[in-house]
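In: one predicted model, sequence on top.
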Amino acid sequence: MTSSDAYAELVRRSREVALIQSCSAVLGWDQQTYMPRAGAALRGDQLALLAGWAHQKATDPVLGELLAAVEGSASDPDSIEAANVRELRHAFDRSVKIPARLVEELARITTLAQDAWQQARAKNHFATFRPLLERVLALKREEAAAVGYVDHPYDALLDEYEPGATTAGIRALFAGLEKELVPLIRAAAEKKKPRTDILHRDFPIDRQKWFAESAAAAIGFDFQSGRIDTTAHPFCSAFGPGDCRLTTRYNPKFFNEAFFGVLHEAGHGMYEQGLLPEHHGTPAGTYCSLGIHESQSRFWENQIGRSKPFWDHFFPRLKQAFPGALDEARTEDFLSAINAVEPSFIRVEADEATYNLHILLRFELELALLSGDLAVADLPGAWNEKFEKLFGLVPKTDSEGCLQDIHWSFGGFGYFPTYTLGNLYAAQFGEALKRDYGESEIARSVRVGDFRPVLGWLRDRVHRHGRRYRAERLCERATGAALSPEPFLRYLKEKLSQSEPVC
Ligand code: ZN
């Protein structure tokens, strides 16, 4: 077999695994949206079957032989072929270390755990979730041990979401952020509070749905290749070219929840829609890392969606969509309200400054859970204690404390830090975009509802590359510099220093 035949066979096999995974994604999406509760056990079996099948294909020893036959044959290390081989090798080495039994057990237990989490959260009853979380955690420890690590078991799990990142690196980055953020947030909290009551009026769900979908379409989410449904925990799941599912949840008494949720998920969706379909099923047609994925959602939600030019365009339309709710409000009042910085309990509703404190909290707790320094039974207490330290508040219930997120129920230890990485990448992309086009030119086009220059820049610098480069390299190529917290801190300081936010 020539090396080009071996490469073609590798790609064929990679696409086959991706197809199986996309079937799992359809079932996972259905589980979160329309599946009746009594279907949980059957769904667990279905997902376990597919996970086992995908794992079997992803660990076929033939893959090792094919990889060995093509490695070193590409003359350009930055070529699509070289990148695919590099990433397929990385994935193969990881997969073969995890026994099929563990993969299937994880799929089965996490499906049950997600169901228990939903019930526990609805009833505010941690004990319903606790035994399942203990089982998930034990399996994740087993996974970390199987994959192997040098410093901390967390490294082995983090690598799945943010290839190349380390616990020590994230710790250092977060320590620097915390140092600057906490005083910034304190200073903002001491200022006169903006009126936020205008966000808590009557916003009928059907009109919220229409308005949010119109905005998602305006910024560039393609509804010919996607849709939005309702769920308990918003997410974006891309099945492959032509089919990207967004979900959101509506609160008829609070505007932000669904609207900014949809902008956020649409940002994820547009990234998926911007991957090159010809590379589907290979690393070059896959998102770069979860931090980069999150940068795209944060970019649209915050950098664009909370800016003055955006609402210069949308605010008159918002008033028309909700007659009576905002009649006396000015654009400035609305901007101040949506940019208010105030410590609160729920991560997904947090402002972009305090949001990062929510991540620091989870990062510390999941490190402690994984290393065994913290027992699952002590999680609610530890959560509340750390929460008070960071935010000066204590959650009144576990539903607004340690039960609020889905992540641990699906075994997503190592996932949370990627949210804050996303904020940092988004701000750095924002600075580079403004530098390339001119800040006033970007503002002008956003003000008239033309988002093509912004989306075009992201398509060119980020989306089309898939996983051709690792996140750090992608960032350097897109912005001319390595990832740094400085652009995010500059963006935040500038916003917080103004009496009326403009960004
Ligand atoms: Zn997101």
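Out: Okay, I see it.

In: only C-alpha atoms for contact and neighbour calcs from this point on.
Out: OK.

In: may I have the phi/psi pair for Arg468?
Out: Here is the backbone geometry of Arg468 (degrees, to the nearest 10): phi -60, psi -40.

In: show me the contacts for the residue most central in space within the chain.
Out: Against the mean C-alpha coordinate of the chain, by Cα atoms, centre = their mean, the closest residue is Glu294 at 4.3 Å. By Cα atoms under 8 Å, 6 or more residues apart in numbering, the residues touching Glu294 are 268, 418-419, 421-423.

In: do Ala215 as well
Out: Contacts of Ala215 (Cα under 8 Å, 6+ apart): Leu263.

In: low-confidence ranges in the stretch 301-450 of the chain?
Out: Low-confidence segments of the stretch 301-450 of the chain, defined by pLDDT under 70, are absent.

In: where along it do the helices fall?
Out: 308-321, 331-338, 355-371, 379-391, 417-437, 439-447 (DSSP state H, counting those that start in this stretch).

In: just give me the neighbour total for the residue lying closest to Tyr425 once chain neighbours are set aside.
Out: Spatial nearest neighbour of Tyr425, chain neighbours left out: Ser295 (5.5 Å); criterion: Cα to Cα, 6 or more residues apart in numbering. For Ser295, the neighbour count with other Cα atoms under 10 Å is 28.

In: over to Glu441?
Out: Applying other Cα under 10 Å, we find 13 residues neighbouring Glu441.

In: then Asp93?
Out: Counted with other Cα under 10 Å, Asp93 comes out at 15.

In: do the same with the one 10 residues further on
Out: Residues contacting Val103 under the criterion other Cα under 10 Å number 18.

In: mind listing what's buried in the longest helix along the chain?
Out: Taking DSSP state H as the criterion, the chain has its longest helix at helix 3-33. Along helix 3-33, these residues count as buried under the neighbour rule (16 or more other Cα atoms under 10 Å): 3, 6-7, 10-11, 13-22, 24-25, 27-29, 31-33.

In: ditto for stretch 131-143
Out: Buried residues in stretch 131-143, counted by 16+ other Cα under 10 Å: 132-137, 139-141, 143.

In: can you name the residues in contact with stretch 271-284?
Out: Residues contacting stretch 271-284 (Cα under 8 Å, 6+ apart): 11, 14-19, 80, 83-84, 87-88, 221-222, 225, 238, 240-242, 244, 285-287, 293, 296, 459, 463-468.

In: one more pass at 7 Å, please.
Out: Stretch 271-284 has contacts (Cα atoms under 7 Å, 6 or more residues apart in numbering) with 11, 14-15, 18, 80, 84, 87, 238, 241, 285-286, 296, 459, 463-468.

In: go on, stretch 113-122?
Out: Contacts of stretch 113-122 from elsewhere in the structure, counted by Cα under 7 Å, 6+ apart, are 40, 126, 128-129, 132-133, 399, 403-404, 409-410.

In: only C-alpha atoms, please: export that stretch in CSV.
Out: Extracted C-alpha coordinates of stretch 113-122, given in CSV (Å, rounded to 0.1, in the frame of the first residue of the first chain):
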residue,chain,number,x,y,z
ALA,A,113,-26.7,10.7,35.8
GLN,A,114,-28.0,13.3,33.4
ASP,A,115,-31.6,12.1,34.2
ALA,A,116,-30.9,12.2,37.9
TRP,A,117,-29.3,15.6,37.6
GLN,A,118,-32.4,17.0,35.9
GLN,A,119,-34.7,15.6,38.6
ALA,A,120,-32.3,16.8,41.4
ARG,A,121,-32.2,20.3,40.0
ALA,A,122,-36.0,20.5,39.6
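
In: coming back round to it: reformat the contacts of Glu294 as a markdown table; add distance to Gln303.
Out: Shown next, in a markdown table, are the contacts of Glu294 (distance: Cα to Cα, whole Å):
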| residue | distance to Gln303 |
| --- | --- |
| His268 | 14 |
| Thr418 | 17 |
| Tyr419 | 15 |
| Leu421 | 15 |
| Gly422 | 12 |
| Asn423 | 10 |
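
In: what is the burial count for Tyr34?
Out: By other Cα under 10 Å, the residues close to Tyr34 number 11.

In: run through the helices of the stretch 1-150 of the chain in chain order.
Out: Going by DSSP H, counting those that start in this stretch, the stretch 1-150 of the chain shows helices at 3-33, 40-58, 61-70, 80-97, 100-123, 126-147.
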